[in-house]
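# Predicted model follows, preceded by the sequence.
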Amino acid sequence: MMRGRQLREEMIGGPGYCAKDPYFKGRRMEEKAAPAVAEREYGVSSDFASITLDFGDFSYMSTTVRRLAEEKAVDAPVPASVGAKGFDPLRATALAKLAAAAACAPAGFEMKDGALVVRSGVAADALAKDALVALAACAECSVPKSLAAELAAIRANMTAAAAAAGVPVTIVGHGASGALATLAALELADAGVPVAELVTFGAPRVGNKAFASHFEDSVAFPVHRVTHARDPVPHMPSAASGFSHVGTEVFFNKASSAYKVCARGEDPSCAASVVVASGVDDHASYMGESFAAKHLECALAPSSSKSLEAAAKALAA
């Protein structure tokens with residue numbers, strides 16, 4: 001009798017399977033129909049991105065992760081129209097437009113209606129090969145020499161402009177500009193200039209673990225580091241080389257229709273979980289804003305001042 005029950009369990013759903021259990025009913029067929037990439041078992045610390053069909057599209061989650069989400073053991077993706085855990089996607093969309101508009105501007109910064117837009121001339125993939133230098137306020141902190149040089153060039157004017165804004169400033173940047181914006185935010189915090197928030201899009205790692213710790217200890221304002229599906233830039237320079245992210249990551253899916261607010265610093269369930277970070281197109285598009293198209297527009301018909309002012313006014317509205 002026991003042997004017959006065991007055979008039925010092996011044929012139908014494995015040990016402990018019960019056809020009357022509403023959770024298991026019909027689930028075995030779903031798991032068999034799922035693609036091979038989605039059949040990996042990730043346990044409670046589920047790989048939130050790489051279990052999906054295209055490493056970030058949330059189009060399929062294994063039944064294990066779906067169950068954990070239902071039980072609140074892991075966070076379910078949040079629709080892009082809804083705010084969560086202090087992150088406002090509508091404001092982030094306005095900030096993405098502002099960061100994209102800065103593509104026409106030269107390297108440096110622009111101060112518009114309480115928004116500090118930082119622009120770096122460094123290529124993100126060059127940071128891994130760059131020499132490292134220490135910060136004046138943190139001898140153990142190491143950051144790329146090129147970013148430190150860009151910060152030194154704008155430090156005095158940027159600090160004066162931010163201090164004269166009359167309101168806590170919002171700092172924003174995309175790609176390597178996001179890394180420079182991170183250094184700028186730390187600089188303003190050290191100078192006692194009020195900062196409302198730092199929001200970066202597709203930013204690379206800025207410094208080593210000592211820098212990350214120093215940053216977290218020094219800032220009291222919200223820091224949201226927005227990442228997008230398979231964007232490769234947030235993986236540069238590598239964690240294996242000693243670099244570490246700062247702030248709270250907000251990980252968007254491929255279609256930018258849903259996101260997850262991740263743990264501070266390095267969260268293995270967000271962008272770090274992407275197995276193949278080869279989505280250059282994902283780096284060129286954030287919150288529905290095409291940075292690639294903006295770069296092309298700037299090359300063909302430069303109009304940095306007007307587009308930046310329009311984006312700043314939309315943010316302030």
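Structure received.
# and the gap between the residue nearest to Tyr259 when sequence neighbours are not counted and His174?
Leaving out its chain neighbours, the residue that sits closest to Tyr259 by CB to CB, 6 or more residues apart in numbering is Phe252, at 4.5 Å. The way it works is simple: take the backbone N, C-alpha and C, and place the C-beta from them, glycine included. According to CB to CB, to the nearest Å, Phe252 stands 14 Å off from His174.
# More neighbours: those two, which one.
Neighbours were counted for Phe252 and for His174 using other CB atoms under 10 Å; His174 has more, 32 against 28.
# Report the beta-bridge partners for the more buried one.
Phe201 (DSSP bridges).
# what's around the residue lying closest to Ala137 once chain neighbours are set aside, how many residues?
Spatial nearest neighbour of Ala137, excluding adjacent residues (CB to CB, 6+ apart): Asp190 at 6.0 Å. Using other CB under 10 Å, Asp190 has 15 other residues around it.
# Strands of the stretch 151-300 of the chain, start to end?
169-174, 195-201, 207-208, 223-228, 243-244, 248-252, 258-264, 285-286, 289-290 (DSSP state E, counting those that start in this stretch).
# With distance to Asp130 added, can I get those in a markdown table?
Shown next, in a markdown table, are the strands of the stretch 151-300 of the chain (distance: least, CB to CB, whole Å):
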| stretch | distance to Asp130 |
| --- | --- |
| strand 169-174 | 17 |
| strand 195-201 | 19 |
| strand 207-208 | 11 |
| strand 223-228 | 20 |
| strand 243-244 | 11 |
| strand 248-252 | 23 |
| strand 258-264 | 25 |
| strand 285-286 | 24 |
| strand 289-290 | 28 |
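# most tightly surrounded among these?
Stretch with highest mean neighbour count among these: strand 169-174 (a mean of 28; mean count of other CB atoms under 10 Å).
# just the helices in this structure please.
For the chain, the helices defined by DSSP state H occupy 2-12, 27-33, 63-70, 89-101, 145-163, 176-190, 209-218, 280-283, 291-300, 304-316.
# can you list the domain ranges for this protein.
What automatic domain parsing lists as the domains of the chain is 24-76, 78-316.
# one step back: quick one: common contacting residues for Phe252 and His174?
Tyr286 (CB atoms under 8 Å, 6 or more residues apart in numbering).
# so where is the chain shaky, pLDDT-wise?
Residue ranges of the chain with pLDDT under 70: 1-74, 301-317.
# mind redoing it with 80?
Within the chain, the stretches with pLDDT under 80 are 1-75, 103-107, 276, 295-317.
# Leaving out the residues flanking it, which one is nearest to Ala258?
Distances taken as CB to CB, 6+ apart place Pro77 nearest to Ala258, at 3.8 Å, with adjacent residues excluded.
# closest to Lys145 out of the strands of the stretch 151-300 of the chain?
Nearest to Lys145 among the strands of the stretch 151-300 of the chain is strand 207-208 (11.6 Å), distances taken as CB to CB.
# so what does the closest one touch, helix or strand wise?
The contact analysis (3 or more CB pairs under 8 Å, 6 or more residues apart in numbering; DSSP states H and E) places strand 207-208 against strand 138-144, strand 243-244.
# Turn those strands into JSON lines, columns for distance to Ala115.
Below are these laid out as JSON lines (distance: least, CB to CB, whole Å):
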{"stretch": "strand 138-144", "distance to Ala115": "24"}
{"stretch": "strand 243-244", "distance to Ala115": "27"}
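# That'll do, ta.
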